[in-house]
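Q: okay, structure incoming, though there's no sequence with it:
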């Protein structure tokens, strides 16, 4: 097929108008949230702080059962032997509970920081850690905006400990144990999109009870675990200064410049070399001769 | 090689393996004690985990070995790419005498500091995963840094290898490796650009954890810029010490050009530090960080930027202008302290700055950190005492170079005459 000017201009016009009016012509919206991830919805107003999730998780993965109970003003942390904790906070509406575990970000910083792909965002949504790949560099811990991955500092064969949304159970079509064992139904498991709808419905149907936001809907580019509560999330110890940009985006400019530098730098340097060194040698030779 | 040569070579190696110089100097004793203590500490570290010797915590996962030895130490190895750039790319022959020492220092820095990285890895037996196998985390900055470390170590080794061949008289090998120099220098500069800035990029995703005065999206650029004068300042200090310690064996050229080189380096430091300072101010303004200046963190930031960037920059300027080499040296030492401050601020001090407690390394971490540095110095000294780093190359190298330049001239002459012929025919 030959391309003459008329055809070229035609194609250019079509391409241009498609680009300009693509949306109005009804092309489907393309966004990352199209991927159907599984997630967990935590409703702080329903949580009674019974620690059933903590116990179920510890039993399932062979960790010691929780010894402390959530108490207001006392911050309990996940650690190398605890993947999920419930904390109690004194808020403007009395004592409230908040869950702390991996948020299974849509675009997780830990996985993008991992140089061995030990930290992996699976297709279904859980972010899992794989022992056979990890070399223990702990850059996932540096990168995670929630400080979730925990490292066994006192072991000669250390592992990273974090919630994996019971990935193996999910593969068998079951729910994570924390959701399964929650007696107050404060935890819901499902497709992230459905969970957002449920959360919205709850907020709209009881507008006075709920704080009108879903934590995790947009935070750090969206997370798999979503939170709703009756008070602003800041009062429940959640960080609200993390921004809505997904964290791997912060690396993007740098990583995109890598191939450019690797291609352009040597060429530029060779040019400099031939201008300075070879030019000088030539001059010398001319002077000598 | 026949048998006689073989035994001769063995004898030579045996002779060279013997320690040279006095054994029981204060430096040797201190460094040996430190290294022995570090070995004991490392045994504990590998049997009962990192937590048994270090203070790294869940909130601050990287301790002194990564933040000081790797992230700070590698900045100081930046001298190699700057000096090779000036000598091989720009053809500034003036700096030729310091090339070998600088490259050797950088090579050892990378070997030992990458080694320090191994000590800090929780599962070092998996270190091969990002290099061979199917576990390439290509979206990871650390993956890039790891590969670049590895490739750059190779480049530096090839850059330094001609010196080794001069030591054990491998004539053909010298010719081969010397011919590779320009290529690996160019490759090495590209790699250095990327991994010096990559070390900064490691912290890009730690945005919510680093104090806004130190965090910016320009960390990679600032890291790269600062590695230029960090490396050169270290070269100034290294050369100063080198002149004192190895002065009597130094080649005439090395000795006589010392002052001139130091002053020229200080000029480059002035310029690059000023650019860095200017960038820092821009980043500060861009981030609208005025409100932090009144806090304690703000004062600490000003100490770093004014006291250890702008002040040494001015010292370098005056040192160069007034031909005062003492000022240059003071400037270099201050710059080195400033770089240590900057790297530790980003990676440790202003990391998780909202924590109430200050973070200090344990004495065991410090001992191992120093042991790594001592080990590097000892190996550096051992190599300098044996190979022609500061001393003159053996006579056969000079002869060979002359022969080569004659043949090159001959070729050029032939080429030129041919060109002239063409000219005639074209007319």
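A: That came through fine. The structure displayed is predicted, hence computed values, not measured ones.

Q: pLDDT weak spots in chain A?
A: Counting by pLDDT under 70, the ranges of chain A that qualify are A:1-35, A:282-289.

Q: just the residues contacting stretch B:14-32, thanks.
A: With C-beta atoms under 8 Å, 6 or more residues apart in numbering or on different chains as the test, stretch B:14-32 has contacts from B:167, B:371, B:374-375, B:377-378, B:381-382, B:385-386. All C-beta atoms are positioned from the backbone trio N, CA, C, and that covers glycine.

Q: Throw these into JSON lines and include secondary structure, thanks.
A: Output for the contacts of stretch B:14-32, formatted as JSON lines (DSSP: H, G, I helix; E, B strand; the rest coil):
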{"residue": "B:167", "secondary structure": "helix"}
{"residue": "B:371", "secondary structure": "helix"}
{"residue": "B:374", "secondary structure": "helix"}
{"residue": "B:375", "secondary structure": "helix"}
{"residue": "B:377", "secondary structure": "helix"}
{"residue": "B:378", "secondary structure": "helix"}
{"residue": "B:381", "secondary structure": "helix"}
{"residue": "B:382", "secondary structure": "helix"}
{"residue": "B:385", "secondary structure": "helix"}
{"residue": "B:386", "secondary structure": "helix"}
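
Q: and the furthest pair within these?
A: Comparing every pair within those by C-beta to C-beta identifies B:167 and B:371 as the most remote, at 26.9 Å.

Q: more neighbours, the two?
A: Remark: of residue B:167 and residue B:371, residue B:371 carries more neighbours, 23 against 17, as counted by other C-beta atoms under 10 Å in any protein chain shown.

Q: now that one. Nearest residue, chain neighbours left out?
A: Using C-beta to C-beta, 6 or more residues apart in numbering or on different chains and skipping the chain neighbours, the partner closest in space to residue B:371 is residue B:38 (3.3 Å).

Q: the residue of chain B found nearest chain A: neighbouring residues, count only.
A: Closest residue of chain B to chain A, C-beta to the nearest C-beta: residue B:122 (2.3 Å). Residue B:122: 22 surrounding residues under other C-beta under 10 Å.

Q: pretty sure it sits in a strand.
A: No: counting by three-state DSSP, residue B:122 is located in no strand; its state is coil.

Q: just the element for residue A:40, please.
A: Assigned by DSSP states H and E, residue A:40 falls within strand A:38-43.

Q: with residue A:90 instead?
A: With DSSP H and E as the criterion, the answer for residue A:90 is strand A:85-91.

Q: so is that strand next to chain B?
A: No: judged by C-beta under 8 Å from any C-beta of the partner chain, strand A:85-91 makes no contact with chain B; its nearest approach is 12.9 Å.

Q: list the strands paired with that strand, with their directions.
A: Strand A:85-91 pairs in its sheet with strand A:94-100 (antiparallel), by DSSP bridges.

Q: who touches the helix or strand just after the partner strand?
A: Per DSSP H and E, the first helix or strand lying C-terminal to strand A:94-100 is helix A:109-113. Applying C-beta under 8 Å, 6+ apart, the external contacts of helix A:109-113 come out as A:117, A:119-121, A:127, A:139-145, A:148-149, A:220, A:246-248, A:251, B:137, B:139-142, B:205.

Q: which residues of the stretch 1-150 of chain A lie near chain B?
A: Contact residues, the stretch 1-150 of chain A versus chain B (C-beta under 8 Å from any C-beta): A:77, A:79-80, A:109, A:111-118, A:132-139, A:141-143, A:145, A:147, A:150.
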